[in-house]
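*Asks:* Sequence and predicted structure, then a few things I'm wondering about:
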Amino acid sequence: MKKYLFLITVMVFSFLSGYAFDKYSINRNDLPEAAQKFLTTYFPKAKVGMIKTDKHFLKKTDYDVRLVNGTTIEFNNSGKWTSVDCKGKEVPKDIIPKAIRNYVNKNFSDVKIVKIEKTSTKYEIGLSDDVELIFNLLGQFKSVKMDD
């Protein structure tokens, strides 16, 4: 009986894993419309190096975009950005909420924002000096994290 239960479990997981796959492309049209507009607005001259479409069985699809200049951008299923990492270059200012920009300009005037990540509860901001700042969704400073 245990053998049959194990065999059935293996078969079900094998079947279900066929529905979770990654697809690679360089065509912007493979992205949701909101993601295409984001790229056109904030990275108009940048060329797409790779788009990875992650389709998950019980989770919605997400998109990882790598631009030729090294910038990586992650989008959720509806095409809204969740992470922008410019790899040492400055994140476009209009992506960053004004309250966060003002805080960083006031308290860290000699560095630039090179990464921003948005979750359901917070923003994580990466600075060019490897300091990471945490803000709530209203742009209020919560904590600082230093890389060692």
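*Replies:* Arrived safely.

*Asks:* Please enumerate the helices of this structure.
*Replies:* 2-17, 33-42, 98-107 (DSSP state H).

*Asks:* wait, isn't residue 91 in contact with residue 114?
*Replies:* Yes - Residue 91 is within contact range of residue 114, at 6.3 Å (criterion: CB atoms under 8 Å). Yep, even glycine has a C-beta here, placed from its N, CA and C like the rest.

*Asks:* List the residues that contact the residue nearest to residue 43 when sequence neighbours are not counted.
*Replies:* Excluding its sequence neighbours, the residue lying closest to residue 43 (CB to CB, 6 or more residues apart in numbering) is residue 67, at 6.3 Å. Listed by CB atoms under 8 Å, 6 or more residues apart in numbering, the contact set of residue 67 reads 43, 46, 47, 48, 49, 73.

*Asks:* Name the nearest residue to the second one, sequence neighbours excluded.
*Replies:* Spatial nearest neighbour of residue 46, excluding adjacent residues (CB to CB, 6+ apart): residue 67 at 4.4 Å.

*Asks:* Ok, the third one next?
*Replies:* Across the structure, with CB to CB, 6+ apart as the measure, the residue nearest residue 47 apart from its sequence neighbours is residue 68 (4.4 Å).

*Asks:* partners of residue 85 in the sheet?
*Replies:* residue 72, residue 115 (DSSP bridges).

*Asks:* isn't it right up against residue 69?
*Replies:* No - look at residue 85 against residue 69 with CB under 8 Å: they stay out of range, at 11.6 Å.

*Asks:* So for these two, which residue has more residues nearby?
*Replies:* Set side by side, residue 85 and residue 69 show more neighbours around residue 85, with 18 against 13, by other CB atoms under 10 Å.

*Asks:* returning to what we had before: what about the residue nearest to residue 43, distance to residue 54?
*Replies:* 18 Å (CB to CB, to the nearest Å).

*Asks:* same question, residue 34
*Replies:* For residue 34 relative to residue 54 (CB to CB), the value is 17 Å.

*Asks:* Same check on residue 79?
*Replies:* 14 Å.

*Asks:* tell me, what's touching those two both at once?
*Replies:* residue 63.

*Asks:* rewinding a little: on the strand side of things, show who the residue nearest to residue 43 bridges to.
*Replies:* Beta-bridge partners of residue 67, as defined by DSSP bridges: residue 48.
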